[in-house]
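# what shape does this take:
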Amino acid sequence: MDTVQKLISGLAIKIENLSEWSGQAVSWLTLIMVLLVFVIVVLRYTFNIGSIELQESTTYLHGMIFLLAASFTLKEDEHVRVDVFYSAMSHRRRAWVDLIGTVLFLFPVCIYIFSMSLDYVLLSWRISEASGEVGGLPALYLLKSLILIMPILMMLQGLAWIIRRVLYLFAGAESPYQAASPEDPSNQIQTDAGV
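Sure, this is the predicted structure:
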């Protein structure tokens, strides 16, 4: 692998590390959210105590989990897809589908989300938006900012996908796809000979 390929591959690794970090952070947020919901239920149904702050905290956490986990989910190739044809394709065909899909679908959708959300988030910052509920959480604008961070993280992970697939298709790098387990005949690896 020449120097340019090493640099490009290093960029993909750094992006994937960022996605991995966001996924690990979200896993802890998920645990916190589950514990918080448990506390809310116990307080509500055992002691008849309600708390708007606690209830809104679960909403904030849920939003954070959804928005920050998207790039990690893409990195792990766990987004939902109808793979009637995809699962039977060779690694090379999968790489082409992923490459074209990322450029034609992922990037435009992320750009659209970012551009349509920008004024909404900026207004929230301008007015220092807080909860509409009495006793609710402040700084709703911080949560809304994640609407802009999510498409950026997704496009970065999409760039890492493109790099991995281009290096695989044109530079002889290793396949970005995991090998199928031998016990699962429905997930047989196709040969890479043909496109």
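
# which helix is the longest one in this structure?
In terms of residue count, the longest helix belonging to the chain (DSSP state H) is helix 3-47.

# just give me the neighbour total for Tyr86.
13 (other CB atoms under 10 Å). C-beta coordinates here come from the backbone N, C-alpha and C atoms, glycine included.

# next: the one 10 residues further on.
As a burial measure, Trp96 scores 15 neighbours (other CB under 10 Å).

# that one against Leu169, yeah?
Yes - at 7.2 Å, Trp96 counts as touching Leu169 under the criterion of CB atoms under 8 Å.

# ok so, going back, chain center to the longest helix of the chain, what's the gap?
Its chain's C-alpha centre and that of helix 3-47 lie 10 Å apart, by CA atoms, centre = their mean, to the nearest Å.

# quick one: mean pLDDT over whichever helix or strand comes after that helix.
Note on helix 3-47: by DSSP states H and E, the next helix or strand toward the C-terminus is helix 52-75. Helix 52-75 shows a mean pLDDT of 95.

# what's helix 52-75 in contact with?
Around helix 52-75, the neighbours that count as contacts under CB atoms under 8 Å, 6 or more residues apart in numbering are 16, 18-20, 22-23, 25-26, 29-30, 32-33, 36-37, 39-40, 43, 79, 106, 131, 133-137, 143, 146-147, 149-150, 153-154, 156-158, 160-161.

# which among those residues count as buried?
Buried members of the contacts of helix 52-75, counted by 16 or more other CB atoms under 10 Å: 16, 18-19, 22-23, 26, 29, 33, 37, 40, 106, 131, 137, 143, 146-147, 149-150, 153-154, 156-158, 160-161.

# low-confidence bits of this protein, can you list those?
Along the chain, the model assigns pLDDT under 70 to residues 1, 179-195.

# so how far is Val41 from the residue in it sticking out farthest from the centre?
Going by CA atoms, centre = their mean, the residue of the chain most distant from its centre is Phe47, 38.2 Å out. Separation of Phe47 from Val41 (CB to CB, to the nearest Å): 11 Å.
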